[in-house]
Each structure stands twice: as structure tokens, then as C-alpha cells.
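1. the following comprises the amino acid sequence and a computationally predicted model.
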Amino acid sequence: MKRLILLAVCFAVLVGCSQKVEKNYTIEVINGIKVYKNSNKPSAANLVISPGEIFRIGGLNESTEGTGSEFTWPHFLDIDSNGNIYIVDSGSSSIKKFDKNGTFIKSFGSKGHGPGEMIYPFMVVIQENIVFVADPGGRRIVKFDTDGNFINNIIIESRFPGYMQAVGSDKFICFRNKLVRSDENPYRSLNLVLVDTQFREIATLQNYKIKFDPRCNDFLDLYTAYAVGKDEIFVGVNGEDQYKINVFDFNGKLLYSIEKEYQKVTFSKMELDELNNTLEKVLKKFGNPVYIPVKSRPKKAINIIYYDKEDRLLVASSIPRDKTNRYDFMVDVFKDGVFLKKIKLDIAKGYDFLKLYDEKMFFKGGRIFHLDAAAAEIKVFQY
């Protein structure tokens, strides 16, 4: 009898061991910092994210002309605590406000130098129900309440903030650009920094510097992908052969890092044509008529990072592309530092570089917003 019991116990142990799931990651401590080292093997093979479109805002629709709701060049958006949507229309120097169902409420702001007026607004961020609008043309941040009433201006003397997001209730994260036109060593640098509500720098999270040539503004060597979570900031390392995300607290302290296996990928001829078209468009927009095309270069490992309603990271990383997957929008999904799965999002076209002045994606209030500037349209998805 004892022998039978012993055999049964051994069999149970063997079955349990055979069913043990092998982890797709390891954790190392390097210089006192925890590093999640992920393989390409998914840990959640059944994961599915299926966005469904619920409504659209704008579009090239003649029926909206004269209503105040039409867009000339929508550029950026954010939402308030009630889910109302605020969209910067750079072309009309105004903010368009819609309710959470996409119904137009009002337009506020106009072109000019006076109170509540803007020259070329390109970004809006809502913090504590205060509307902060970045107006680089006027060298200022213009503040409104959520009803569109002007509060005041914050004058920015130098290094105007770019691609700004709120961090908690009292900070922002943004880019600060610097251009040095010395005869011997002209260069451009881009710092990713934390600032207070008066846009005074608190901490630098990342910094890149490249040689400056006005004929070739290859921003891929400067841009840093990042996302803001509930209490952490996720910053991608701008590398070509390393897939790494550094995670900071809201005071700029490095907490841990996330890595994933990655093999360097080079742009194809097809992709280079699109990249050069985008870079040339950016240069012409800033008054540089001569452009030297990029002939060959590797892709950046990480192109953009999103943080979703399930506290997951969605990372658009570079992949080999051909005619079969040319515009697939692929993202690596992570949770708590661990790679879950690479999935395709059927929302928009995917690129392995930023279409800075054409298309943008925002994960806000449990929804996904796809902004298409050329079509003057915002598509809203639930998932």
C-alpha cells in the first residue's frame, strides 16, 4: 500500500513539472537597477486587442462650414476629466471642444497677439482641468479654463517645449530643442525633460546630440519615444540595435528597465522613399527649401510607446517590411515589465518612423484617437 502511495506522489510531481510554464524573461540587477530581459516568445499567446470605431470628428465635410467645428489643420488633442475632447486646429489658431460623444460644443481662441489669441498653436494638454496650449509662434503657453475663458500666458524665453504631456497634477514632460550654429561644430540637441507648471526644468531624462546640417533634418537620431502611466514614465532608448525602455518615477528617478530581444533592421528602398518624403515635408514647413535625401540607414528599434487603460505598454518597434506587410501597425504589448505578445492593430497604417505632420495616435480615457491631419479627421475607437 505504501509503495502505491509513493508511486502516486511521484507521478503527481512528474506531471506538475511537465506542465510548468517556462518564463519568457529573466530579471537581472545591473548597477543597482532591476532589468527585465524579455525574449521574443509571448507569455500571453491568446491576447487579443480589437478596437472598434465608435464615431468620427471632422473630416472634409461641407456641412460643417461656418459652424465653428470645421478644421483647417488639426494637430493635437487631449481630454478633460469629463471626457470632453479638445483639439488644436493650427490652421485657424483655435481649440475645438467636443463632448465625449463627439458633439461639437464650442471653439475658442483666435489668431493674434492679444489675450486668448495665438499665432500658431500646435499642442494642447489638460491638467487639473486647465487647458495649456503651446503656441511657439507667440513664444508662450496660453492657459484657458475648460469653458474656453482665457487665464494667462506663460512666456517661454528660450528652448520652447515640444510634444508635451501632463505628469501628475504639477509637472509636464516635454522636449527641449537646442541649436548651436558655430562655424567649427554646429549641432542640434534634444533633451527630454520634466518641468514644473511654469515650465522650469526639474530633471533631464534623456539627451541626444547630432551634427547640424540645415539640408538634412534627420530627426530619427534625436527623437525619444515615451509614454506617461499612472505613476511612471516610460522612455525608450533611441538605439538601432538595442531594444530598451527606462522607467522613471514622476520625479525623474530611474526605477527599472525593460529590454527585449531585437535584431537590427535596415530601411528598404520603398520605405526610404516615404521617409525622405516626410523629412523633406518637415524641412519645407520650417523654411528650408533644399533637402539631401537619406540614402541608407538602419531603423530605430523603438518608434513610439503608448500606455493603455489596462496599464499595459504598447510599443511600436521596427520590423522587416515588404509588400505583404508594408503598412501593418504592429505593437509589442508589455505588462509589469514582461512581454505579452506582438499584435496587429487594425486602426491605421503602420510605419517604422514618425509621420510627424500627418498622423498621430492617442490613448486617452480608455479610448484610442487616430488623428489624420491631411483628412482633417479624428477617428475614435473603443477596445
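-> Right, received. Where do you want to start? Numbering: from 1, shown residues only.

2. just for the stretch 201-350 of the chain, where's the confidence low?
-> Residues of the stretch 201-350 of the chain meeting the criterion pLDDT under 70: 214-218, 286-289.

3. Asp145 is in contact with Gly116, correct?
-> No - applying C-beta atoms under 8 Å, one finds Gly116 not in contact with Asp145, separated by 11.0 Å. Backbone N, C-alpha and C define where each C-beta goes, glycine included.

4. higher neighbour count, these two?
-> Set side by side, Gly116 and Asp145 show more neighbours around Gly116, with 18 against 12, by other C-beta atoms under 10 Å.

5. phi and psi next, for the more buried one.
-> As for Gly116, its main-chain torsions (degrees, to the nearest 10) stand at phi 80, psi 10.

6. and it, what does it touch?
-> Phe108, Gly109, Ser110, Val142, Phe144, Phe150 (C-beta atoms under 8 Å, 6 or more residues apart in numbering).

7. which one of these is nearest Ile202?
-> Val142 (22.0 Å; C-beta to C-beta).

8. what pairs with the closest residue in space to the closest one that isn't next to it in sequence across the strands?
-> Of all residues not flanking Val142 in the chain, Val133 sits nearest, at 4.5 Å (C-beta to C-beta, 6 or more residues apart in numbering). According to DSSP bridges, the residues that bridge with Val133 are Val124, Val142.

9. quick one: the helices in the stretch 201-350 of the chain?
-> Along the stretch 201-350 of the chain, counting by DSSP state H, counting those that start in this stretch, helices occupy 269-285.

10. quick one, strands of it?
-> Taking DSSP state E, counting those that start in this stretch as the test, the strands found in the stretch 201-350 of the chain are 201-211, 226-228, 233-236, 244-248, 254-260, 302-307, 313-317, 330-335, 338-344.

11. relative to Glu128, which of these is closest?
-> Of all the strands of the stretch 201-350 of the chain, strand 226-228 sits nearest to Glu128, with 14.9 Å by C-beta to C-beta.

12. which residues are in contact with the closest one?
-> 165-167, 173, 192, 205, 233-236, 305-307, 313.

13. ditto for stretch 129-145
-> Contacts of stretch 129-145 from elsewhere in the structure, counted by C-beta under 8 Å, 6+ apart, are 80-81, 86, 88, 95, 108-109, 113, 116, 118-126, 146, 148, 150-157, 160-162, 164, 172, 199.

14. residue contacts, Ile368?
-> By C-beta under 8 Å, 6+ apart, the neighbours of Ile368 are Pro51, Ile347, Met361, Phe362, Val380, Phe381, Gln382, Tyr383.

15. please read the previous query as pertaining to Tyr357.
-> Contact analysis of Tyr357 by C-beta under 8 Å, 6+ apart lists Thr278, Lys281, Val282, Lys285, Ala373.

16. this completes my enquiry, with thanks.
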